[in-house]
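Peer 1: sequence? don't have it. structure:
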């Protein structure tokens, strides 16, 4: 009886988490790269400076730094590093 209740709570939390994650966009920067540019000067600047590539590299850098810090925190909890 207790195991079925705990399993129902876990299933409810899992479905709620999957609904939240499913509602998120694949990339928060996707809409930035699809902005229409009407001004000729802005079009030239966008041609001269590759904003979509810069945003993609910045996104990858933030993910890498985040993974490093999360791994560092986990290793400190496990006492692998000081």
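Peer 2: Everything's here; your move. Because the structure is a prediction, the values reported are computed rather than measured.
Peer 1: which residue ranges form the helices in the chain?
Peer 2: Secondary structure of the chain, counting by DSSP state H: helices at 2-23, 30-33, 40-48, 51-78.
Peer 1: next, the angle helix 40-48 makes with the last one.
Peer 2: Angular relation of helix 51-78 and helix 40-48 on a 0 to 180 degree scale: 50 degrees, by axes from the mean of the first three to the mean of the last three CA atoms, to 10 degrees.
Peer 1: quick check: which ranges of this protein have low pLDDT?
Peer 2: 28-39, 81-82 (pLDDT under 70).
Peer 1: give me the distance between the residue sitting nearest the centre point of it and residue 3.
Peer 2: Note on the chain: the residue nearest the mean C-alpha position is residue 27, at 6.8 Å, using CA atoms, centre = their mean. Separation of residue 27 from residue 3 (CB to CB, to the nearest Å): 40 Å. In short, each C-beta sits where N, CA and C put it, glycine included.
Peer 1: quick check: buried residues in stretch 1-16?
Peer 2: Of the residues in stretch 1-16, none count as buried by neighbour count, 16 or more other CB atoms under 10 Å.
Peer 1: on that earlier part again, surely the residue nearest to the centre of the chain is in contact with residue 59?
Peer 2: Yes. If you go by CB atoms under 8 Å, residue 27 and residue 59 touch, sitting 7.2 Å apart.
Peer 1: which ones are touching the residue nearest to the centre of the chain?
Peer 2: Going by CB atoms under 8 Å, 6 or more residues apart in numbering, residue 27 touches residue 59.
Peer 1: quick check: it vs residue 62, distance?
Peer 2: 12 Å.
Peer 1: same check, this time on residue 16
Peer 2: The value you get for residue 16 to residue 62, if CB to CB is used, is 27 Å.
Peer 1: do residue 56 as well
Peer 2: 11 Å.
Peer 1: who's more crowded, the two?
Peer 2: Using other CB atoms under 10 Å as the criterion, residue 56 and residue 62 rank with residue 56 on top: 14 against 10.
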